[in-house]
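> Compute the structure for the input listed below.
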Amino acid sequence: MKILYNVQVSNFTIVDNVKKWMIEKDACMNLARGISKSILDIDSSVKFIFKVPKISDVYDIISWYDLFEKEYHNNISFYEEIIPISPVESRFHFDFNYHLKNKEIFKEIDVCINDENTLTKNWIVLFDTLNLNIPIISTNYFLDSPLSKKVKRKCGYYDRQMESFIYSDIPAFQCEASKREALEAMSLNYNQSIVDSVNKKASVWGVGACANEIWKYKDIEKFEIPTIYFGNRITESAHRYTNWHTFCEAIGIISQKYNKPFRAVILNPTNKISEEQKKEILEKSNNKIEIGGVNFGREDYLKFINQAHISVGLFTNEVHGGITHVEAMLSNNMVIMPYINNYADKFSDKTEYEFWCDTYVDDESIIRVNAESLAEKLLNALEIVGTDKEKEINNLLKDRAYERESYERAAERILEDCMKVCN
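Okay, here's the model as predicted:
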């Protein structure tokens, strides 16, 4: 079976006033890597061709093959295209003429995993023009539905995502929370029979992170000083939807209450930070936060999270909760999160967990994290670093992440879906 995997990249940086893709830290690229490697580990007859940006537009790798160990190289290839370097513009870009010139590439494709879910109809039309019957599984790792209020309605792309749900052979969701939000928002625009038909054919893959990749560094020693980190981007978009500013406030609070040494780090995965943001980070945190980002590759990141003790995930209107919280759970971190969406779903069996932080609804009807509550949970976590209680919590989180969001567990489900649409 040969799979065309269209990767929706979104992570970019600015180098000498020029935009460049940041691939090693791109969530969707890491999903594509993890999914494909896990599938190849159980079926070495599968071939993948990844549609990706031109490597000349990428900042942090020299070759696409750099992302994969050599044992996978015979099973993978890359189809490059010039794509606008923007997480929004790229979602609307489709060059029919370019793809038609490269039509030979598509003739041996058995199934398309389409992460460019805003372009599903474009791909359907292209395949139809080429008289190719290629089934499409549209992945919906990240949604920007009207319910979450992340993107301006006129510029939003949820309408196209709904088309993707309807016209793909299987709409695949990252987690149950994503599926719930997708169908709830869809019911505002379509009658119930259409929503029901999408629900019937939908699949939940349960993909978040590659456990084996993270566990390569599991024996590395923890930092001597208790270390807290915030792994998500520093951004002003979508009402500061990563809530990095709340993390800074909470660190500022505990810096005045905790009288033992500790580190607090914002990893800054996009390497983009303005002087205003830097000033705000330092002011809110009482000059306690270290700002990372520069020359911090994938291996550096994986080592760091295995050495850290506490991670904070604060997505409130991104229902999955971000890849970093799954990676943190797998790397023996105590993770502090709000009790909502996919964070809460991991504990749907009512198992108790003590590091939920409180939320509230602000004047713009956006769910926010309470900084005082976050600070309280951080203080509680700091107090048990190095104890048997910490190990107990780490094992609980590691098991939950592996069972519910590891590529290793998801690979069989994904392969089964691919085979189903090919038959």
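> Go ahead and confirm residue 292 touches residue 263.
No - taking contacts as CB atoms under 8 Å, residue 292 lies outside contact range of residue 263: 10.9 Å. For glycine as for every other residue, the C-beta is placed from the backbone atoms N, C-alpha and C.
> any low-confidence regions in this structure?
142-153, 155, 293-294 (pLDDT under 70).
> Would you mind giving the domain segments of it?
The chain is divided into the following domains under automatic domain parsing: 2-207+407-422, 211-405.
> Just give me how far the first one sits from the chain centre.
Averaging C-alpha coordinates over domain 2-207+407-422 and over its chain gives two centres that are 13 Å apart (CA atoms, centre = their mean, to the nearest Å).
> The shortest one now?
On the basis of CA atoms, centre = their mean, the separation between the geometric centre of domain 211-405 and that of its chain is 15 Å.
> which residues sit in contact with residue 127?
Residue 127 is in contact with 106, 112, 133, 134, counting by CB atoms under 8 Å, 6 or more residues apart in numbering.
> need the contact list for the last one.
In this case it means residue 134. So residue 134 contacts 4, 106, 109, 110, 111, 112, 127 (CB under 8 Å, 6+ apart).
> let's see 6 Å
When contacts are counted by CB atoms under 6 Å, 6 or more residues apart in numbering, residue 134 touches 109, 112, 127.
> Nearest to residue 225 among these?
residue 112 (47.9 Å; CB to CB).
> May I have the secondary structure class of residue 223?
coil (DSSP: H, G, I helix; E, B strand; the rest coil).
> Could you identify the buried members of the contacts of residue 127?
For the contacts of residue 127, a burial check counting by 16 or more other CB atoms under 10 Å picks out 106, 112, 134.
> Now do the closest residue to the last one other than its chain neighbours against residue 50, distance only.
What sits nearest to residue 134 in space, not counting adjacent residues and going by CB to CB, 6 or more residues apart in numbering, is residue 127, at 4.7 Å. With the distance defined as CB to CB, to the nearest Å, residue 127 ends up 17 Å from residue 50.
> Residue 367 against residue 315, yeah?
No - Residue 367 is beyond contact range of residue 315, at 9.8 Å (criterion: CB atoms under 6 Å).
> Looking at these two, which is more packed in?
Between residue 367 and residue 315, counted using other CB atoms under 10 Å, the more crowded position is residue 315 (24 against 18).
> Would you tell me which helix is longest in this protein?
helix 388-405 (DSSP state H).
> In terms of secondary structure, what does that helix contact?
Contacts defined by 3 or more CB pairs under 6 Å, 6 or more residues apart in numbering; DSSP states H and E place helix 388-405 against helix 323-330.
> If we go by neighbour counts, what in the helix it packs on is buried?
Quick answer for helix 323-330 (16+ other CB under 10 Å): 323, 324, 325, 326, 327, 328, 329, 330.
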